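>>> quick one, fold the following:
(one chain, ligands or ions: 1)
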Amino acid sequence: MKILVTGGLGYIGSHVVVELLNENFEVVILDNLSNSSENVLDGITAITHKKPEFIKLDLREKSAVQDFFKKYSDVSGVIHFAASKAVGESVELPLLYYENNLNTLIYLLSQLKDKNNAQFIFSSSCTVYGQADELPITESAPTKPAESPYGNTKQIGEEIIKDICKVTPNLNAIALRYFNPIGAHESAEIGELPLGVPQNLVPYITQTAIGMREELSVFGDDYPTEDGTCIRDYIHVVDLAKAHVAALKRLVNAKNKDNFEVFNIGTGKGSSVLEVITAFEKVSNTKLNYKIVDRREGDITAAYADTHKANTELGWKSIYSLEKALLSSWKWEQKIRS
Ligand code: UD1
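Next up is the predicted model:
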């Protein structure tokens, strides 16, 4: 079966392509290379000994999307990653985010809605919950007003899919709400390649440890948590990638209970920033230079997933520990800087 992976050369997309090829799906990648590189294909091939088809295409070009589906009429399954994801940038450039994350979604769904049978997996985020009133967070927790245009595109994206699914029984979709993806493939052939100064915790840690950054700023130690730092659910990107394959198979095998479903994808375990630092120091055998600074605007105190629905319905469960994930990030950082 041929699956289209948009943004398939990006961080999460590339790991999903590997898992799809391992499961003998045929893969076509569309990517505009805005935050990725064609070299990622070599990493995918080194791991899987297969070379997926790659087409450089910008999904904001509606006619290019139409032409693609005309030519690849046998594609009915789409896993959609292509999107912008920097929260701060989205505040500065809201229209870019709405165009990039929503127009592209609409163009893809416009093509899929007329097929006899189509499957669509959407990259959503736990950001839709904001600071949830109860932890762990279940899928039925209410969504909170988005803190940024980026967060808003995830909420609106889910709404768009829900609305089109309501009137399109042949379209089956799943939104996966990721918690905090970290780590890299254990081969260190693919991993995260942040553009410029990393905004996320783990790439900042590994770049500090390798000497690219002087010190890590820990954003606040006065949160109402045990050690005062924020708590997140850090999930290994390979575990996350496998959740996509499980979701796709659920749709392909018509095991879904509704034609639009939502799943949390996390480990179910929360870790504080200081716990992540300690775990990193242990697995890397380094001492990390860090200091406590003021809180970062928009950060929530704590978020971790209730994974019951994903475990039982998708038959998927994360297997990697925080330590293992951090070690894979560290190996990857060492490899790309060597
Ligand atoms: C961030 C985004 C979120 C997005 C997610 C994608 C914000 C406010 N939120 O989530 O919308 O879906 O990335 O991965 O940007 N930290 C530090 N020092 C740093 C970097 C981070 O102390 O240099 C702390 C943060 O305060 C937070 C934790 O580390 O407590 C994780 O931060 P991060 O990796 O940026 O993820 P989120 O904030 O959870």
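>>> which residues of the chain score low on pLDDT?
Across the chain, nothing is flagged by pLDDT under 70.
>>> which parts of it sit against the ligand?
For the chain, the residues in contact with the ligand (Cβ under 6 Å from any ligand atom) are 87, 125, 127, 151, 180, 199-201, 204, 216-219, 230, 232, 273, 296, 298-299. All C-beta spots, glycine's among them, are computed from the backbone N, C-alpha and C.
>>> let's go with 5 Å and repeat that
87, 125, 127, 200-201, 204, 218-219, 230, 232, 273, 296, 298-299 (Cβ under 5 Å from any ligand atom).
>>> go through those residues and say which is closest to residue 187.
residue 200 (21.9 Å; Cβ to Cβ).
>>> could you list every residue that touches that closest one?
180, 194 (Cβ atoms under 8 Å, 6 or more residues apart in numbering).
>>> now do the helices in the stretch 101-250 of the chain.
Using DSSP state H, counting those that start in this stretch, the helices assigned to the stretch 101-250 of the chain run over residues 104-112, 149-166, 201-209, 237-252.
>>> okay, the ones you listed in TSV with mean neighbour count next?
Formatted as TSV, those follow (neighbours: other Cβ atoms under 10 Å):
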stretch	mean neighbour count
helix 104-112	20
helix 149-166	19
helix 201-209	22
helix 237-252	22
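>>> residue 278 is nearest to which of these?
Distance to residue 278, taken as Cβ to Cβ, is lowest for helix 201-209 among the helices of the stretch 101-250 of the chain, at 11.2 Å.
>>> ok, and what's touching that closest one?
Taking Cβ under 8 Å, 6+ apart as the rule, helix 201-209 contacts 180, 182-183, 192, 194, 197-198, 213-216, 232, 234, 273, 276-277, 280, 284, 286, 288-290, 326, 329-330, 332-333.
>>> among these, name the ones in strands.
Mapping the contacts of helix 201-209 onto strands (DSSP state E) picks out 180, 182, 216, 232, 234, 290.
>>> follow-up on the earlier one: want to throw the helices of the stretch 101-250 of the chain into TSV with distance to residue 83?
Output for these, formatted as TSV (distance: least, Cβ to Cβ, whole Å):
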stretch	distance to residue 83
helix 104-112	7
helix 149-166	7
helix 201-209	18
helix 237-252	15
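>>> who's in contact with the closest residue to residue 247 other than its chain neighbours?
Nearest residue to residue 247, sequence neighbours excluded (Cβ to Cβ, 6 or more residues apart in numbering): residue 174, at 4.5 Å. Listed by Cβ under 8 Å, 6+ apart, the contact set of residue 174 reads 120, 121, 122, 247, 250, 251, 256, 260, 261, 262, 263.
>>> again, but for residue 116
76, 170 are the contacts of residue 116 under Cβ under 8 Å, 6+ apart.
>>> do the same with residue 65
Contacts of residue 65 by Cβ under 8 Å, 6+ apart are 57, 59, 104, 107, 108, 111.
>>> got the residue ranges for the strands in the stretch 51-200 of the chain?
Ranges of strands in the stretch 51-200 of the chain, per DSSP state E, counting those that start in this stretch, are 53-56, 77-80, 118-125, 171-178, 180-182.
>>> now distance to residue 337 too, for the ones you listed, in TSV please.
Below are these laid out as TSV (distance: least, Cβ to Cβ, whole Å):
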stretch	distance to residue 337
strand 53-56	26
strand 77-80	30
strand 118-125	28
strand 171-178	26
strand 180-182	18
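>>> re earlier: which single one of the residues of the chain next to the ligand is nearest to residue 20?
Closest to residue 20, out of all of the residues of the chain next to the ligand and judged by Cβ to Cβ, is residue 125, at 21.3 Å.
>>> what's the neighbour count on the closest one?
22 (other Cβ atoms under 10 Å).
>>> residue 289 now?
Residue 289: 12 neighbours (other Cβ under 10 Å).
>>> from the ligand, how far out is it?
12 Å (Cβ to the nearest ligand atom, to the nearest Å).
>>> for that residue, what are its contacts?
So residue 289 contacts 208, 214, 215, 216 (Cβ under 8 Å, 6+ apart).
>>> okay if I get those as CSV plus distance to residue 317?
Below are these laid out as CSV (distance: Cβ to Cβ, whole Å):
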residue, distance to residue 317
208, 32
214, 39
215, 36
216, 31
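>>> who's in contact with whichever residue of the stretch 201-338 of the chain sits closest to the ligand?
Going by Cβ to the nearest ligand atom, the ligand is nearest to residue 230 of the stretch 201-338 of the chain, at 3.0 Å. With contact taken as Cβ under 8 Å, 6+ apart, residue 230 is in contact with 219, 220, 223, 272, 273, 299, 300, 301, 302.
>>> give me that answer again for 7 Å
223, 272, 273, 299, 301, 302 (Cβ atoms under 7 Å, 6 or more residues apart in numbering).
>>> among the residues you listed, name the buried ones.
223, 272, 273, 302 (16 or more other Cβ atoms under 10 Å).
>>> export the residues you listed to TSV and tack on distance to residue 170?
Formatted as TSV, the buried ones among the contacts of residue 230 follow (distance: Cβ to Cβ, whole Å):
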residue	distance to residue 170
223	46
272	45
273	45
302	40
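>>> for those, which one is nearest residue 34?
residue 273 (29.2 Å).
>>> show me what contacts the closest one?
Residue 273 neighbours (Cβ under 7 Å, 6+ apart): 201, 218, 229, 230.
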